[in-house]
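Novice: Take this sequence and fold it.
(chains A, B and C)
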Amino acid sequence: MTSISPLLAPAKGVVSHDQPSAASALESLLAIRFFEEAVDGLFARGLMHGTMHLSIGQEAVATGVCAALRKTDFITSTHRGHSHCIAKGADLTRMMAELLAKQTGYCRGRGGSMHIADVETGNLGANGIVAGGIPIAAGAALAQKMKGNDNVVVSFFGDGATNEGAFHEAMNLAAIWDLPVIFVCENNKYGMSNSTEFSMRIENIAERAASYGFEGVTVDGNDVDEVFQAAAAAVEKARGGKGPTLIECVTYRHKGHSKSDKNLYRTKEEIEDWKTKDPIGRFEHKAIEAGALNQDQVDAITEKMRDAVRTAITDASSAPDSDPAELLASVYREAGK
Amino acid sequence: MTERIITYAEAIREAIGQAMETDENVFMLGEDIGIYGGAFGVSGDLYQRFGKERILDTPISELGIVGAAVGAALVGMKPIVEIQFSDFTAQAMDQIVNQAAKIHFMLGGELSVPMVLRAPSGSGTGAAAQHSQSLETWFAHVPGLKVVMPSSPYEAKGLLLAALDDPNPVIVLEHKLLYKTSGHVPEEQYRIPIGTSNKVRDGRALTIVASGVMVSRSLEAAETLSGMGIEVEVIDVRSLSPLDMAPINESVKKTGKVMLVQEAPKHVGFMAEVAARIAEGDALYHLTEPVRRLCGMDVPIPYAPQLEKSVVPQLDDIVAAAVEVNRGI
Amino acid sequence: MARTALVMPKMSMTMTEGEVVEILVSIGDQVTAGQVVAVVGTDKTDMEVESDHSGTVLEIPAKHADVIEVGAPLIVLDTEGEDLLAGLFGDAPGGEAVTEEAPVAASPVVEEVAIEQEPEPALTSEVLAMPGARKLAKEQGIDLATVTASSQTGVIKQSDLGVLAIGAASDDKKQKARLLTAKVVSTALNIPQFSLTKAVELSNRLPENSDSRAVVLLSAWSKTLEEIQSMNQQFVDGEFHEVSEVRAAVLTQTELGFVSPVIPLTGHWQDKAVAVLGDARNNKIALENLSGATTSLTDLSGFGISQANTLLFGSQSSGINIGNISLVGDVVTIDVTIVLDHRIADPGDGAKALDLFGRRLNEVLVG
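Specialist: Sure thing, here's the model as predicted:
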C-alpha cells in the first residue's frame, strides 16, 4: 500500500505558502510524475501491454482540485486519468498492478489504464469514452442532493469533451437542478491532434458555462495555487447548495496523446516552450520562495515518491496475473451483494 | 374471492409506487412523467403522491438523464428511468452500453449500476418508423445488461419489482399495445425471477416461443388453433438476458415442432438466438419439422395502418403459420 | 553516477522490434534530457529517440541497420541521476543493459506429419433428412440413401425409420416399405446367424390379447437370456460386450402396417411395455423406443404361420419368433424359432435356450 498523504487544504489559503499542504501537494505532483514516467519506461521496454494516456505536464490540475476535496467527495475521471486517481489518494501499487495486468489491480486486470475506479477514495471511475463521465458526475451529485448531505462531485474532462453532447446535457441538468458538481476542464489544447483553435470558435472554454446560466472561470492549470483557489471557491458554492461551476484549467501535455502519437500536429518549439512552464518546477520554486519548504525537504519528498513508485512496481510485479477463470461470473453482480 | 383486474399500465405504476414506499432510494426520472403523468400515462398520479423530488421531470435530454441515473445508481440510489419511446434510447446508447453495462465488470467488481430503464416498445400505434421499433436485440447483445419484456399486467408488476431488486442495470421493454390491456394482478408485492422462461399454455402439437405482445397474440391464436384440433404449447421468453432455454427445450422435445414469433425484423433478431440454441442442443434431434421463424419484415415500421399491419405478425399470420408447421414438410 | 541504457522504445501497441536508422551521437558526447540521440524505423514510419536523461555516452551497442528488439539497449549513458526503473527488472545496479527478455513470439516449429488419406466424405446433402433421423440411422447402422421418405417433400423423418410397413398400406407404400425392409435387413448380412425351431408344449393357454401375450413371452425370454450368461452378449465393432440392458424390438401391427418399438426389459418394465405397444399401435413411438434392440420378438401366431426365421440386424444378437399355436386336448403347442449370432452362441447353446424358454414360459403362465 503506497499512496500519497491526504491532500490538505492550506490554512493560509495558498497551497505553496503553507508547509503541510505544500508538502502534500508536492507529494501528489511527484507521485503522478514518477508513476507516469515509470509507466512510459515500462511501455518503452515492452513490459507493459495495451496503450495509455499520460498527463505529464498536467499534474497541477488534479493536485490543486483534489486539495479542495474531502475523502467523501466523489470524482469522475477520463482516459488520461492517472493523475486524478493518484491525487484523490489511490494506492499506487494497485494502480500499477492494474496496468501490469495483475489480479491484484484495481480492476483485476479487466480495465487497465483507462478504467481505474476506487470506491475507498470516492473515485467513480476513469472513462474510455470522451465525456462519458460527465453525466455520471451530474447523477452522483443528484444523489448527494437527494440524500441531503453536502458531498460534492468533481468531473474531470478535457477540452475535446466539451464538444460532445454529453457535456452539454450534463451541464444543463446540473444547472436546472442546482447540483453540487464542479466541472473541471483540463484544456491541454489538443483533442488528440485537433487543436482548440480548430475545434471551437470561442477563446475560453469557460465561456460555455454562460449558456447554461452558471459561472465559468479560466485559470492557469500549471499553477497549483490558482487551481486550488478556483476549486475551493466552487466547492464551497456547491456544498452550500448554490449549484455548479465550470473551471477551465489551461495546461499542456508534454507527451503525445497516446503511445502511437508521433506529434506531427504540434511543433518542437511549442512543446519546449510549455516544458519551461512545468508545474512541478514552478511549485517547488514558489514553495521555497515562500519559505514553506526548503531544498532539503523538496529533495526528501522527491526521494520518497521515487521510492514509492519503485516499490509499487516491485510489489505489483510479484502479484499473480489476472485470472480468466472468473470472467464469466463477473459480468453481473450477484443479488444480495 | 374475486381476482383483482387492473391494466398493464396500472400494474407498472403500482409496482413503482410500492417500491418507492418500501425503499426511499427508489426514484423515477424521465420526460413528462410529472404533472403530465407520462406519455403513456404510466406515472399517472405518482407525482402527486411522491412529489417532484422523487418523480423527477427532466428536460428532453436522454443521454443526460440516463447518465444521471447511472451516476446516482453508482452511489447507492435506485433510479427508474423512463425513456418516452424505446427508439430514443439510441440518444443514450453510450450511457447504456459503454457505461451502465460495463462498469461492474470493467472496474473490477466493486461498483455496480442498479438502474432500471423502462421504455415503451413496438408498433401498432401508427407512430411510424422512429416511434415503433422493437430494439430488444440491441440490448440483449450487450453483456452486463439484463433485458425483460413483460407480456401481461401480472408479468409487468412482478418483473419490475424483480428488476428493482436486481443490483445490475435492467432494461424493461413494455409494449405500447399492452398498456391498456387488463388482467389479474395481486395487490401485494411479488417478484418474477429474471432469467426464467415461462410455459403459458400446454399443448402437444407444436411449440410457439414468443415475447411481449407476441405472447398474448400467440395465446389468442392458440384458441383458434384449438378449435381446429391443434393444441399448441406457448412459451413466454419473459427474460431475454439472461435467457432460460430449459422450458423451450423441454417443450420442443415433447412436440417436435417449433415456431418462433417476434415483432422485430427477422434478420439477426432475438429468435435467431433461440433457434441457434435449439440447434446446438439435443432438442434438435427431436425436431420432426424444421424450425420456423415468424418475424417482422426487414423494413422500417411504416405509417399507414394497412402497411404497418402487413410488416408485423398479426393473429391470422400466427394461425396460418402454425397450421403449416403442424402439417409439416 | 550511474550507467543507464537507452533502449529500443516500443512506439505502438503492436511494435516488437525496430531498425536502427541512424545513431546521432558518438562515445564521449555529452547529451541532455530530451535531446534526439537516434532515429529508429518501425513498419510504419521513422521516429526520433530522445534521451530521457542527461549524461555522457559510454557505449553504443547498436549500429546502423541493426534490427533490435523492443527493450534492448541502443546507447548506454553515464548519468547523474539514476534511471527510475534501474535495477527493477534484473538489470545490474551498474546499469549493464536491460536483461529482461522482451516478449518475442515463439518461432514456429514445423513438424512433418504423415498425412493419412481421409476417407471420401459421405454425400449427405443428397439425402434430405431431419437431424433426429440422421442420428437414429447412424445408431442403427442404416444408410439413409436406402430409406424412403413418407412425406411429399422427400425429407426422411424418424418415423420413416421406425415403420416396417408390410401390412395394410397402399401398394405403393408397401412397395417402398419392402424396399426399406430389404435395405434395413441388409445389415444382417454381416452377422453370421443360425436358427433352431422347436415345438414347445404348454400346460396353460397364452393370453388372447396380443400385448398381454407379448409381455408373457418377453418375460420368459428375458429370464432365459439372463440365465444363459454366455448368450447375453453383443458383438459390436469387432468386440464382445456384455449386454447391460436387454432391449427387445417387438413386432406390432398398426393400421398402417407393422412397427417394431424397442422395449427395455429392466426394472418393472411390464406396465410400461403395454403402454409403449399401445402407443405404437397409434403410430406413436418415443425416440427412446426407436432403437438399440439387443433382441427381438416376432409373434406371427395370428397369421397362420408355422415357422418364421427373422434375421438379426443392427445391434441384435438374438431373436425369438412365435409361429402356430395349436390346441390338442388341454395341451397347447407353439412353434418357437430362435435366431442367434453364431459368434456368441453355438447350436448347443441354442438347444439349451429353447428348452429353458419352454420351462420359463410354463412358469410364467402358472404364476
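Novice: Go through stretch C:278-298 and flag the buried ones.
Specialist: For stretch C:278-298, the neighbour count (16 or more other CB atoms under 10 Å in any protein chain shown) marks C:280-281, C:285, C:287, C:289-298 as buried. In short, each C-beta sits where N, CA and C put it, glycine included.
Novice: Could you check the pLDDT of residue 244?
Specialist: Unless you meant another one, I'm taking chain A. As predicted, residue A:244 sits at a pLDDT of 98.
Novice: Switch to chain C, please.
Specialist: For residue C:244, the model assigns a pLDDT of 80.
Novice: Contacts only, for it.
Specialist: For residue C:244, the contact set (CB atoms under 8 Å, 6 or more residues apart in numbering or on different chains) is empty.
Novice: Kindly confirm my reading that it forms part of a helix.
Specialist: No - under DSSP: H, G, I helix; E, B strand; the rest coil, residue C:244 falls outside any helix and is assigned coil.
Novice: measure it to chain A for me?
Specialist: Residue C:244 is 37 Å from chain A, where distance means CB to the nearest CB, to the nearest Å.
Novice: ok so, going back, got TSV for the buried residues of stretch C:278-298, with distance to chain A and pLDDT too?
Specialist: Formatted as TSV, the buried residues of stretch C:278-298 follow (distance: CB to the nearest CB, whole Å; pLDDT from 0 to 100):
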residue	distance to chain A	pLDDT
C:280	45	82
C:281	49	78
C:285	40	77
C:287	32	74
C:289	38	83
C:290	37	79
C:291	37	79
C:292	37	82
C:293	43	86
C:294	43	89
C:295	47	91
C:296	48	91
C:297	51	92
C:298	54	90
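Novice: could these go into a markdown table alongside secondary structure?
Specialist: Below are the buried residues of stretch C:278-298 laid out as a markdown table (three-state DSSP):
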| residue | secondary structure |
| --- | --- |
| C:280 | helix |
| C:281 | helix |
| C:285 | coil |
| C:287 | helix |
| C:289 | helix |
| C:290 | coil |
| C:291 | coil |
| C:292 | coil |
| C:293 | coil |
| C:294 | coil |
| C:295 | strand |
| C:296 | strand |
| C:297 | strand |
| C:298 | strand |
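Novice: what about residue C:13, how many neighbours?
Specialist: Residue C:13 has 12 neighbours, counted by other CB atoms under 10 Å in any protein chain shown.
Novice: didn't it look like it was pressed against residue A:260?
Specialist: Yes - assessed by CB atoms under 8 Å, residue C:13 is found in contact with residue A:260 at 6.6 Å.
Novice: any common contacting residues for those two?
Specialist: Common contacts of residue C:13 and residue A:260, defined by CB under 8 Å, 6+ apart, comprise residue A:51.
Novice: Give me the phi and psi for residue A:185.
Specialist: For residue A:185, the backbone dihedrals are phi -90, psi 120 (criterion: degrees, to the nearest 10).
Novice: residues in contact with it?
Specialist: Counting by CB under 8 Å, 6+ apart, residue A:185 touches A:157-159, A:161-162, A:205-206, A:246-249.
Novice: Which residue lies closest in space to residue B:281, excluding its sequence neighbours?
Specialist: Once flanking residues are discounted, residue B:281 sits nearest to residue B:249: 5.8 Å by CB to CB, 6 or more residues apart in numbering or on different chains.
Novice: which one of the buried residues of stretch C:278-298 sits closest to residue B:134?
Specialist: Of all the buried residues of stretch C:278-298, residue B:134 sits closest to residue C:287, with 35.7 Å by CB to CB.
Novice: Return, as residue ranges, the portions of the stretch 251-367 of chain C with sub-threshold pLDDT.
Specialist: The model of the stretch 251-367 of chain C has pLDDT under 70 over residues C:255-256.
Novice: Now do the helices in it.
Specialist: Residue ranges of the helices in the stretch 251-367 of chain C, as given by DSSP state H, counting those that start in this stretch, are C:269-281, C:347-366.
Novice: so how far is chain C from residue B:263?
Specialist: Distance of residue B:263 to chain C, given as CB to the nearest CB: 29 Å.
Novice: hey, where'd the helices end up in the stretch 101-250 of chain A?
Specialist: Applying DSSP H, counting those that start in this stretch to the stretch 101-250 of chain A gives helices spanning A:133-147, A:165-176, A:196-199, A:224-239.
Novice: all strands in the stretch 51-200 of chain C, in order from the N-terminus.
Specialist: According to DSSP state E, counting those that start in this stretch, the stretch 51-200 of chain C carries its strands in the segments C:55-59, C:67-69, C:73-79, C:163-164, C:193-202.
Novice: Closest to chain B out of the buried residues of stretch C:278-298?
Specialist: For these, the minimum distance to chain B (CB to the nearest CB) is 6.3 Å, reached by residue C:287.
Novice: Isn't the closest one up against residue B:284?
Specialist: No - if you go by CB under 8 Å, residue C:287 and residue B:284 don't touch, sitting 11.8 Å apart.
Novice: list residues touching both of the two?
Specialist: Taking CB under 8 Å, 6+ apart as the criterion, residue C:287 and residue B:284 both touch residue C:132.
Novice: Name the SS class of residue B:94, please.
Specialist: Of the three states, residue B:94 takes helix under three-state DSSP.
Novice: Sheet partners, orientation included, of the longest strand along chain B?
Specialist: Secondary structure assigned by DSSP state E gives strand B:258-265 as the longest strand of chain B. Here strand B:258-265 has these sheet partners by DSSP bridges: strand B:206-210 (parallel), strand B:292-296 (parallel).
Novice: That one - what's its average pLDDT?
Specialist: Mean per-residue pLDDT for strand B:258-265: 98.
Novice: residue in the stretch 1-150 of chain B nearest to chain C?
Specialist: Nearest residue of the stretch 1-150 of chain B to chain C (CB to the nearest CB) works out as residue B:106 at 18.8 Å.
Novice: from what I can see that residue touches residue A:107, true?
Specialist: Yes - using CB under 8 Å, residue B:106 is in contact with residue A:107, at 6.3 Å.
Novice: Now do the shared contacts for the two.
Specialist: Overlap of the contact sets of residue B:106 and residue A:107 (by CB under 8 Å, 6+ apart) consists of residue A:115.
Novice: returning to that earlier point: reformat the contacts of residue A:185 as TSV; add distance to residue A:82 and neighbour count.
Specialist: What follows is the contacts of residue A:185, written out as TSV (distance: CB to CB, whole Å; neighbours: other CB atoms under 10 Å in any protein chain shown):
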residue	distance to residue A:82	neighbour count
A:157	15	28
A:158	14	25
A:159	18	22
A:161	17	24
A:162	21	26
A:205	22	26
A:206	25	24
A:246	23	27
A:247	20	28
A:248	21	24
A:249	16	29
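Novice: ok, now which ones touch residue A:263?
Specialist: Applying CB under 8 Å, 6+ apart to residue A:263 gives the contacts A:256, A:271.
Novice: what are the phi and psi angles of it?
Specialist: The phi/psi pair for residue A:263 (degrees, to the nearest 10) reads phi 60, psi 40.
Novice: how close does it sit to residue A:197?
Specialist: Distance of residue A:263 to residue A:197, given as CB to CB, to the nearest Å: 17 Å.
Novice: now do residue A:27
Specialist: Residue A:27 sits at a distance of 36 Å from residue A:197 (criterion: CB to CB).
Novice: Can you pick out the residue with more neighbours from the two?
Specialist: The neighbour comparison of residue A:27 against residue A:197 (other CB under 10 Å) goes to residue A:27, with 22 against 9.
Novice: What are the phi and psi values at that one?
Specialist: Residue A:27 adopts backbone torsions of phi -60, psi -40, taken as degrees, to the nearest 10.
Novice: For the residue in the stretch 151-300 of chain C that chain B sits nearest to, which non-adjacent residue is spatially closest?
Specialist: Residue nearest to chain B within the stretch 151-300 of chain C: residue C:153 (4.5 Å; CB to the nearest CB). Leaving out its chain neighbours, the residue that sits closest to residue C:153 by CB to CB, 6+ apart is residue B:329, at 4.5 Å.
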